[in-house]
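1. Turn this into a structure:
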Amino acid sequence: MGLRIALAEDSYIVREGIEQVLRGDPEIEVAASCADMPSLLAAVDADPPAVVLTDIRMPPDGEDAGIQIASRLRQTHPEVGVVVLSQYSEPGYVLRLLDGGSEGRAYLLKERIADREQLTRAIRAVAEGGSVIDPKIVEILVRAQARSENSPLGEMTPRELDVLAGVAEGKSNAAIAEDLVLTKRAVEKHINAIFLKLDLTYSPEADQISKRVTAALIFLADAEYRS
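-> Numbers count the residues shown, from 1 in each chain. Alright, predicted model coming up:
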C-alpha cells in the first residue's frame, strides 16, 4: 500500500500543481484533496491518512490555519504527521508548529513544492515520526544567533556550524554524515561538542532526533527575539 496523504490548499491551481508533483512518486497516494480547514478535518476524521500536507493559510481562519490544524491533530489524531507549507520564513511560526513536540511535524517554504525529492522526503520523515525544518529558516536562525553578543556560536568551528544546521533541519546523524562527507562517528563527536557549548542535553539514539531539533531551534530562535 502507498503512503496516503490528505492535501489542503485553498488555491485550486496550487493544489493541482502539488498533486501533479506527487503523482511522480508511485509510493504516495493523495487520498483527500481539500480547499479549507473544515473539509480537511472532516476527511481526516472519516479516514485518517498517514500525513496531512497543508498550506499555512486556509479558510476560514486566515494565515495560521496550518498551525491550528497541526495542533488540533496532535490531540485528535497524534499518529498523523503534518507538513506545513508556508510563504513565511518567520521562525516564530516554526516554534508554534513545534509547540507540544516536534515529532511528526515539518515546516517547508512553498518554494520547495517544485522539488519533488525534498517534498516527498519531508512527507516520509513525518510519517515515521521525524521532523523537518526548511533549511532557509535554519539559516536565518543561525545568522541571528551568530550576530548576538557573547553567542556560543562564536566558539564553534565552521564544521560544527554545518552540523548544527543539519541537526536543526531534522537530519539524522547518518544523513548529516553523508551530506558533509564525514563518518557517523565524527558527526556524533561534533554534536557532543556542539551540545556542550549550547548547554543542551544530547542523546545519539534515533528516537531523540525530534527532541534535539526542538532544543536547537529554541536556542537559535532565542537570539532573534532578543535582538
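2. so where's the chain uncertain?
-> 1, 142, 144-151, 200-227 (pLDDT under 70).
3. surely Gly17 meets Arg116?
-> No. Counting by Cβ atoms under 8 Å, Gly17 sits too far from Arg116 to count as a contact (11.5 Å). C-beta: built from backbone N, CA, C; applies to glycine.
4. List the contacts of Val82.
-> 51-52, 54, 66, 69-70, 73, 97, 104-106, 126 (Cβ atoms under 8 Å, 6 or more residues apart in numbering).
5. cool, Glu27 as well?
-> Taking Cβ under 8 Å, 6+ apart, we find Glu27 in contact with 2-3.
6. Reformat the contacts of Val82 into a markdown table and put distance to Glu29 next to each item.
-> Listed next are the contacts of Val82 as a markdown table, based on distance: Cβ to Cβ, whole Å:
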| residue | distance to Glu29 |
| --- | --- |
| Val51 | 11 |
| Val52 | 14 |
| Thr54 | 17 |
| Gly66 | 21 |
| Ile69 | 20 |
| Ala70 | 21 |
| Leu73 | 19 |
| Leu97 | 25 |
| Gly104 | 18 |
| Arg105 | 21 |
| Ala106 | 18 |
| Val126 | 16 |
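7. Quick check, Tyr88 in contact with Arg57.
-> No. The pair Tyr88 / Arg57 is not scored as a contact, 9.1 Å apart, by Cβ under 8 Å.
8. shared neighbours of those two, anything?
-> Between them, Tyr88 and Arg57 share the contacting residues Glu63, judged by Cβ under 8 Å, 6+ apart.
9. Spatially, what comes nearest to Arg159 if we skip its sequence neighbours?
-> Leaving aside its chain neighbours, Arg159 sits nearest to His190 (6.4 Å; criterion: Cβ to Cβ, 6 or more residues apart in numbering).
10. Quick one: residues in contact with the host helix or strand of Leu40.
-> Element membership for Leu40, per DSSP states H and E: helix 37-46. Outside helix 37-46, the residues that touch it by Cβ under 8 Å, 6+ apart are 6, 8, 31-32, 34, 52, 54, 58-61, 65, 68-69, 72-73, 76-77, 80.
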